[in-house]
Structure formats: C-alpha cells, structure tokens
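In: build me a structure from this.
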Amino acid sequence: MQSERKPGSRLRIQATDPAEDAPHPGCNCGRRRAAPIAAPLLTDDLVIAARDRAREPELPEATLARALSTPISPRLARYDVIVVTATSDDERATRIAAEFARHEHRVFHFGEHSSRNSPAAPTLHRIATPPARSGDRHALIDTLASLRRSEAIEAAVLFAPSTLDAETAREVRRRWGWRIVASSDAPVSLANEADVLLAFDTYVDADGERHDVRVITLPPGTPWPARWSAMDRAVRASWPRASVVILTHDNLAFSRMCLASVLENTEYPNYELIVVDNASSDGTVEEIKRLAGSIPIVKTILNDHNAGFGPGNNQGLAAATGEILVLLNNDTVVPRGWLTRLARHLADPQVGLVGPGTNRSCNEAQIDIPYQTYGEFQAVARAQGERHDGERLPIRMPMMFCVAFRRDTYERLGPLDERYEVGMFEDEDYALRAKSAGLLVAWTPEVYVHHAYHASIGKLLPTGEYMRLVKLNQGRFEEKWGICWERHRALPTPPATP
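Out: Numbering: from 1, shown residues only. Just a heads-up that it's a prediction; the model follows:
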C-alpha cells in the first residue's frame, strides 16, 4: 500500500495491487493462509441504544437474537506499529514491518520503498518518503499526529531508525504513550529513550556482560516468526499490565455484547480480563467458560450465590495481577482505544480514579449525543476522542459502570466497602475515600462508553426493592461519613448548533 501527503492534509493511504506484492521466493517468513473471518457479533447496523433513552435497558428483538446466537470471536485487537526508515535498502525494517502485518497488526511503514516485491499483507501500509530524512523533527511529529488522527491510532510502537533524535522519541512517548523500539547500537541518547532494544547479534554492555533488561537478542538464522514473537512479548511487557474486572449476573445478551466489545476494541497491549459471575442461570456461566477455554487472557471466578456488587468486584480485584485496575459493568459497550486513553490519565500520580463520559449516568459525565447503532456509537466515540484529546475534568464521583485506578491507589484505599449489599453507593464511597487520601477524582470526555444503565439492578424497580435498597444504602453511607447525601445532576444539554 502506498500513501501520499500534502502539507496540512491528513495522510491518504491507497492500496496497491496484491499481485505486485507477492512473497519472496523461498523466504523463511513462516507465512500461513489466514482462516476466514466469521461475521462479528457487533456490526455497524446493530442497534444498541433505544431511541427513547428512558427505555435504555431494553434491546430490540433483532439485537437480542444476534447477541445470543453469534459467537464471540477469539481474535483480539492488536496494537499498531509504525516503522520509520531513512534509507530505501533497510531490509531489516522491511521484514519487521511485513512480519507484524502478517500477525494482523496495522503497520504504517515510512520509507523510500524499493520496487522489489515483498511479502503481502492487507494491513501493511507503505507511506513514501520518510520525513525523518530531512532532519526536521517537527515535520515528523506533525506527520505522526496526522496519521494518528486519520487512522485512529491509540496504543502503538514506533520502530525508530538510528538517525531519529532522542527528543523526537521523548515527545512521541510524552504525547501519546507510544513505545519506542531502537537498535541496540543506536546512539546512546536514543537508546536511553527506547523501551525495547533489538540486538541482531550477541549483545554485551560496556562491562562485557548483558545487563539491560530492555535488550532482546535476535541472532542471525532465527526464523522471522520467532523474531516477531520475541519482539511482540517485549513490546507488550513495556506497557504496565491492566486488569479489567467484569461482574455478571444473568443478562447474557448484554454480557456477550460487552465482552465482544472489550475483546474487539481493546488494543491495549498488556491486559487480562477477569469475569466474576454471581450464580447466573441463563447460560452466562457456559459462555464465559468457553471464552476462558479459547482466549488465554480471560480468567473466570464462578460464585455459587449472588455475592452482590461490592463482594463480587472485590473478588476480581483480589485476583487481578495488573498495575492498572478497571471495573466495568456488563451492560456497557466500549469503543476502540478506551483502555489506552484511560491508562494515559493514570500516568499522572495525582489521579486516583478516572472514568469516561457516557450516554447514561446520574452526573456530569453524561453526554447526550444521539446514536442508535453500534457503528454510530463508534463514530461518536471517535469524534469525542478527537475533540477532547487529553482532557480531564474533576468530578464528585465517577460511576463504577466504568472506573480505572492504579494498584497503588487500590492498596492505599483498600477494597470496596461491602456494607452496601447488592449494590449502590460503593462508587460514592470509594470517591470520598480517594479524595480523603489527597487523590484527584476525575472523568475524561475523550473516552465515551455506552451504558445500558440499570440493565441488572433495574429489574428490582417493579417490585419496589430498588428504592428500598437506595434508602437503605443511603442511610448506611450517611452514617459512615456523617454527611447528608445529595443527588447528582447531569449537565444541561448544550443548545444545538445552528
């Protein structure tokens, strides 16, 4: 694939004829014919939101039927790869780009590409004329920023040539959290900025011993699939591990849409998914067992009774191995890039809790944007990310339909308070605990998560049990904190633009 860019414009990527991009004869790439991809559960025309938001937990019959009958794909989202070369004969960079593309990463290869055939891959994008050759650091940053916007790149790794200056690598890392990979013989200033160093021969440090844990050795003769595997492991390990905890109790259709969205849209390179089930009886247990059996990052905890919101999430948090912890309701749908963006906010040690914007909540994180289908939701989420990139706002309480925090925050605050029984007021309580510890409590409009709202606990409304729990837990909260609880209010909807 080739791309051209005019000044001030977004990158335009054009596909080349696959016949002109055939594999090298006799190469040791280990290439395999890709298995046919089944239709995903989440398609652009799938209705996920009610036109009348007051009826949000209800799903159309067609959506229910698809959610219950379509298998969740075991294919996981991949982080993106940017390869920058300064010469047209950099065979090693070309092979790295091709190998990552064969493993279903989107690869954007900047360079003066030769006319010689190279291995074909549908996700390999060749972008002519590397801006790095001009030595203009600002031109390269601007080009990468344009690429990030036009291609919705979130988690990514930049394979840097030895000519890349250290300040550019530092700026890429600071702005977007992208990881930097360089050669082990790169200039010291660039090597110091790199997250991973590649040694294609035996590597030793100045003392004659190998000490730098960032270095991975890829000796001559190592097949390229094995090299890719080693590079992929090192790249993924350079991101702090995240643990996403999802609590389920029946509502199989909602749970399947939620799980599908997490697996398909979480390109964050290093995470585990912990599903805690509270004695579901509608096929949820069988579904999460099937996922755990086919997807290594999925782990399950199966309760023989409904432990409630606090205890169930505490089980997941106790089992989590990540440095970043996320609680996510099973009545949500997440967009691509959601976890990467939340994690970037947690890089600030002052931030204790951070949550996203959403279509339904009880506070100012509710952003009323019209959409009905999954495709429309993805477009809304992408527009929010572009419009509010990097923004963070204080909030009294990020609702625990989706909230992220670091492990050091969790160790400081402890688990959720389990006095609130089935649920409600745990998030209010945890926010106050974070503020009491001197931590910031925030939300970001750059992440937009669909929330069906009350899909589970709302079932208690017709019996009056819901309001009984509200009053009971409000009393417990007020007694604990010695304050009078006040209702949250969503921000008023801004007037329509003429």
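In: buried residues in the helix or strand Lys480 falls within?
Out: For Lys480, the element it lies in under DSSP states H and E is helix 465-481. By 16 or more other Cβ atoms under 10 Å, the buried positions in helix 465-481 come out as Tyr466, Leu469, Asn473, Gln474, Arg476, Phe477. C-beta: built from backbone N, CA, C; applies to glycine.
In: and the helices in the chain?
Out: For the chain, helices defined by DSSP state H occupy the ranges 61-69, 91-102, 137-151, 166-176, 188-193, 224-237, 252-265, 284-294, 309-319, 338-345, 374-387, 407-413, 426-436, 465-481.
In: ok, which of the ones you listed comes nearest Phe108?
Out: helix 137-151 (6.1 Å; Cβ to Cβ).
In: got a pLDDT number for Asn363?
Out: Note for Asn363: predicted pLDDT of 89.
In: for it, which non-adjacent residue is closest in space?
Out: His488 (3.9 Å; Cβ to Cβ, 6 or more residues apart in numbering).
In: give me phi/psi at the one you found?
Out: Main-chain torsions, His488, degrees, to the nearest 10: phi -80, psi 160.
In: spit out the contact partners of it.
Out: By Cβ atoms under 8 Å, 6 or more residues apart in numbering, the residues touching His488 are Cys362, Asn363, Glu364, Arg396, Met397.
In: what about the spatially closest residue to the last one that is not a sequence neighbour, how many neighbours?
Out: Ranked by Cβ to Cβ, 6+ apart and with sequence neighbours excluded, the top spatial neighbour of Met397 is Ala431, at 4.2 Å. Residues contacting Ala431 under the criterion other Cβ atoms under 10 Å number 22.
In: these two touch, right, Ala431 and Met399?
Out: No: Ala431 is beyond contact range of Met399, at 9.5 Å (criterion: Cβ atoms under 8 Å).
In: want to throw the buried residues of helix 465-481 into CSV with pLDDT and distance to Leu59?
Out: Written out in CSV, the entries for these read as follows (pLDDT from 0 to 100; distance: Cβ to Cβ, whole Å):
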residue, pLDDT, distance to Leu59
Tyr466, 77, 20
Leu469, 84, 24
Asn473, 85, 28
Gln474, 86, 30
Arg476, 90, 33
Phe477, 85, 32
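In: from those, pick the one nearest His345.
Out: For the buried residues of helix 465-481, the residue nearest His345 by Cβ to Cβ is Phe477; the value is 26.5 Å.
In: so what's that closest one up against?
Out: Residues counted as contacts of Phe477 (Cβ under 8 Å, 6+ apart) are Tyr420, Phe425, Glu428, Asp429, Trp485.
In: just give me the closest of these to Gly312.
Out: Tyr420 (12.1 Å).
In: residues contacting that closest one?
Out: Neighbouring residues of Tyr420 by Cβ under 8 Å, 6+ apart: Gly308, Phe309, Gly310, Glu426, Asp429, Asn473, Arg476, Phe477.
In: dump those residues into a markdown table; add distance to Ala169 as well.
Out: Below are the contacts of Tyr420 laid out as a markdown table (distance: Cβ to Cβ, whole Å):
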| residue | distance to Ala169 |
| --- | --- |
| Gly308 | 47 |
| Phe309 | 43 |
| Gly310 | 44 |
| Glu426 | 42 |
| Asp429 | 42 |
| Asn473 | 50 |
| Arg476 | 51 |
| Phe477 | 48 |
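In: need the max-distance pair from those residues.
Out: For the contacts of Tyr420, the farthest-apart pair by Cβ to Cβ is Gly308 and Phe477; their separation is 15.5 Å.
In: and the closest residue in space to Glu267 that isn't next to it in sequence, how close does it get to Thr43?
Out: Nearest residue to Glu267, sequence neighbours excluded (Cβ to Cβ, 6+ apart): Ala77, at 4.2 Å. Ala77 sits at a distance of 16 Å from Thr43 (criterion: Cβ to Cβ, to the nearest Å).
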